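1. the sequence and its predicted three-dimensional model are supplied below.
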Amino acid sequence: MSSVSNLRQKLNLLMVLGILAGAGGAVMIALAHQEVDHPVVEITLRVLTGWTWLAVGIFAWWRRPDNPFGKWMVFTSFAWMAQFLTYANSSLVFTFGLVIAYVFPFALIQTLVRFPTGRIESRTDRWVLRLVVVALLLVLLAIFFTTTDNFGIEDGPRNLLLLTDSPTVSAVLFIIANACAIVLVLALIHSFTTKYSAASPPVRRLIGPVLWTSTALLALLGVSSIFSIAELDAAEVITGIVSAVTAMLLPLAFLVGLARSKLVRGQALGRMLERVAHETDPVKMQEAVAEALGDPSVELAFWLPDTRQYVDARGLPTSEPEPNSGRAASVVSMDGRKVALIVHEGALLEEPEKIEAVSRGAALAFENARLEAEVRANVAELRASRVRIVEAGDAARREIERNLHDGAQQNLISLALKLQMARSRVESDPRGAIEILDGAGAELEQTMAELRELARGIHPAVLSDRGLDAALLALAHRAPLPVEVGEMPDGRLPEPVEAAAYYVVAESLTNVVRYAEASRAKVDISRAGGIVRIRIADDGVGGADPSQGSGLNGLADRIAALDGSLALDSPIGEGTVVEVVIPCG
């Protein structure tokens, strides 16, 4: 049997039990020996309140099984109807009802502080619940010192928990409990107003009716507690009736908030679909989605499958929100493909149907906007790559100039001085002149070796003369760690492709030596279907980040100039893999 069927059976059973409990309560009030001032009003208010809580709770439970709020509403409805037992003529049933009747305030406040997520989210709410437990324990303790006369029941069942009739102790405990109730009311009202002030417009539409109705109910309960302390019985009765009516309206406020949210959402969604029907501008698309969701902080992130990254509406790289940031991301898909992310307030996750309606209703528009964002990203990347290429060229020229100045130029100056010294000694000290010339010859060989090394950095001669295979073997031979040169293509590749492949491998191995703490590396290059694939893998610590100046950005620009792509996979603790794809017709 499916989970949906199980849930339906469970909710149907709860509905039947709730109806029977309400009907039983009505009969119990009608047959009660204790005096009931307005039995028809009492029965109507109490039964309708219990059934209203039950119906709305079952609806909320069915609508969002993963949200505990609906379950708490159902629990509150049964806690409310458990109060019917205090009308029983049996002393045993009456006493039991007297005890469990105070479960309702606990269930009610639990439900209120958990709305709408079903979770307790603030420290204030946790302290409120602790205070609820203290107040209820005081009331339960007072029951041991209170006769049924003190409950306003003169001709009816007895309190079987009565230890001794002590009106003083009972009164003190009830006064303290009512004082706690007043503090509770103030704390809850503060919590509700804070929650409402911090909420976004769509969340306010959802929680507003419930929070304001709850505030009214709590205020009435607080006033009732004050009247109870002051022993103003008539006023307490009036506020009690108004409180009962408000308690019945409270679950309806939940439905009102939901209906308002759906109505506004439907209107906003209609306007959004009208706006984006022919819209490809990602920025305007983002504005339309923000209006539809009622969340001005909405941001769109479009997925680029080629580079496997998200870009924002301007085409700039972006990422998913951090955990516990108060922000959330919902995926927009089309034909099973990831198209975009809607980044929004975390509270909107409580209305998944709203986000789903926006995603489905404008899937094609999202795809069009994604293509536009991809174009913008390519343009932005092209501009950035031009800047990087110029900067890389300037840096390379400065490095060559520095190497020439610090190396070959100094050697040549020293060589010129030695030749002058040899010339001055040719006649007076021929043997000394020969020794100077021998030293100059050795220095000249050293200078030539340095120039060859410098030229190899600009473009290795072995690459031009013997090809990529030999150049990479030489590179691997010079590396300070074992480097395996695995699969290699047959024959020569086009010169730009060979140069790009060589420098990708060279830079990658340099990074392995500097940062990876690896014990070995492997290089594989294959050619198939007009595509050259380059793969460099190591067994190091991973965690490589191209944005931290690893040198791969410049190589990515070189590869992009050949219509290729570079991908980096470097999970922490699992090594690094650099993969490059270059078209090669």
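-> Perfect, thanks for sending it.
2. could you look up the SS state of the residue nearest to F144 when sequence neighbours are not counted?
-> Spatial nearest neighbour of F144, excluding adjacent residues (Cβ to Cβ, 6 or more residues apart in numbering): L163 at 4.6 Å. Yep, even glycine has a C-beta here, placed from its N, CA and C like the rest. Secondary structure, DSSP: H, G, I helix; E, B strand; the rest coil: L163 is coil.
3. surely L163 and L141 touch.
-> No. L163 lies out of contact with L141 (Cβ atoms under 8 Å); the separation is 10.3 Å.
4. more neighbours: which of the two?
-> The neighbour count for L163 versus L141, taken as other Cβ atoms under 10 Å, is higher for L141 (15 against 11).
5. helix or strand for that one, which one?
-> For L141, the host element (DSSP states H and E) is helix 123-143.
6. buried stuff in that helix?
-> Judged by neighbour count (16 or more other Cβ atoms under 10 Å), helix 123-143 contains these buried residues: T124, D125, V128, L129, L131, V132, A135, L136, L138, V139, A142, I143.
7. using TSV, please lay out the residues you listed together with distance to S519 and pLDDT.
-> Below are those laid out as TSV (distance: Cβ to Cβ, whole Å; pLDDT from 0 to 100):
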residue	distance to S519	pLDDT
T124	55	77
D125	54	78
V128	59	78
L129	56	81
L131	61	78
V132	62	78
A135	67	75
L136	66	76
L138	69	75
V139	71	73
A142	75	71
I143	75	70
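8. now flag whichever of the residues you listed is closest to I436.
-> Closest approach to I436 among the buried residues of helix 123-143 (Cβ to Cβ): T124, at 90.2 Å.
9. skipping adjacent residues, who's closest to the closest one in space?
-> S191 (4.9 Å).
10. near that neighbour, how many other residues are there?
-> S191: 20 neighbours (other Cβ under 10 Å).
11. how's this protein carved up into domains?
-> Domains of the chain are assigned by automatic domain parsing as 3-263, 264-380, 466-585.
12. now distance to I436 too, for the ones you listed, in a markdown table please.
-> A markdown table is the format used below for the domains of the chain (distance: least, Cβ to Cβ, whole Å):
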| stretch | distance to I436 |
| --- | --- |
| domain 3-263 | 85 |
| domain 264-380 | 61 |
| domain 466-585 | 34 |
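13. for those, which one sits closest to E435?
-> E435 lies closest to domain 466-585 among those, at 34.7 Å (Cβ to Cβ).
14. columns distance to S428 on top of the buried residues of helix 123-143, output as a markdown table?
-> Formatted as a markdown table, those follow (distance: Cβ to Cβ, whole Å):
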| residue | distance to S428 |
| --- | --- |
| T124 | 101 |
| D125 | 102 |
| V128 | 106 |
| L129 | 106 |
| L131 | 109 |
| V132 | 111 |
| A135 | 115 |
| L136 | 116 |
| L138 | 118 |
| V139 | 121 |
| A142 | 125 |
| I143 | 126 |
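15. out of those residues, which is nearest to P482?
-> D125 (60.5 Å).
16. ok, which stretches of the protein are strands?
-> Using DSSP state E, the strands found in the chain span residues 299-304, 309-311, 317-318, 327-334, 337-345, 483-485, 521-528, 531-538, 565-569, 577-583.
17. buried deepest among those strands, which one?
-> Mean neighbour count (mean count of other Cβ atoms under 10 Å) peaks for strand 299-304 among these, with a mean of 23.
18. what angle do that strand and strand 337-345 make?
-> 160 degrees (axes from the mean of the first three to the mean of the last three Cα atoms, to 10 degrees).
19. and strand 299-304, what does it pack against?
-> helix 282-293, strand 309-311, strand 337-345, helix 363-403 (3 or more Cβ pairs under 8 Å, 6 or more residues apart in numbering; DSSP states H and E).
20. what's around the spatially closest residue to V462 that is not a sequence neighbour, how many residues?
-> The shortest distance from V462 to any non-neighbouring residue, by Cβ to Cβ, 6+ apart, is to A471 (4.9 Å). A471: 23 surrounding residues under other Cβ under 10 Å.
21. please tell me how far A471 sits from S464.
-> Note on A471: its distance to S464, by Cβ to Cβ, to the nearest Å, is 9 Å.
22. overlap of the contact sets of L163 and L141?
-> The contact sets of L163 and L141 do not overlap (Cβ atoms under 8 Å, 6 or more residues apart in numbering).
23. model confidence over stretch 8-20, on average?
-> The pLDDT scores in stretch 8-20 average 85.
24. residue numbering should commence at 43 henceforth.
-> Noted, 43 is the first residue going forward, which turns the last one into stretch 50-62.
25. and the contacts of that stretch?
-> By Cβ under 8 Å, 6+ apart, stretch 50-62 touches G92, W93, L96, A97, I100, W103, W104, V116, S119, F120, M123.
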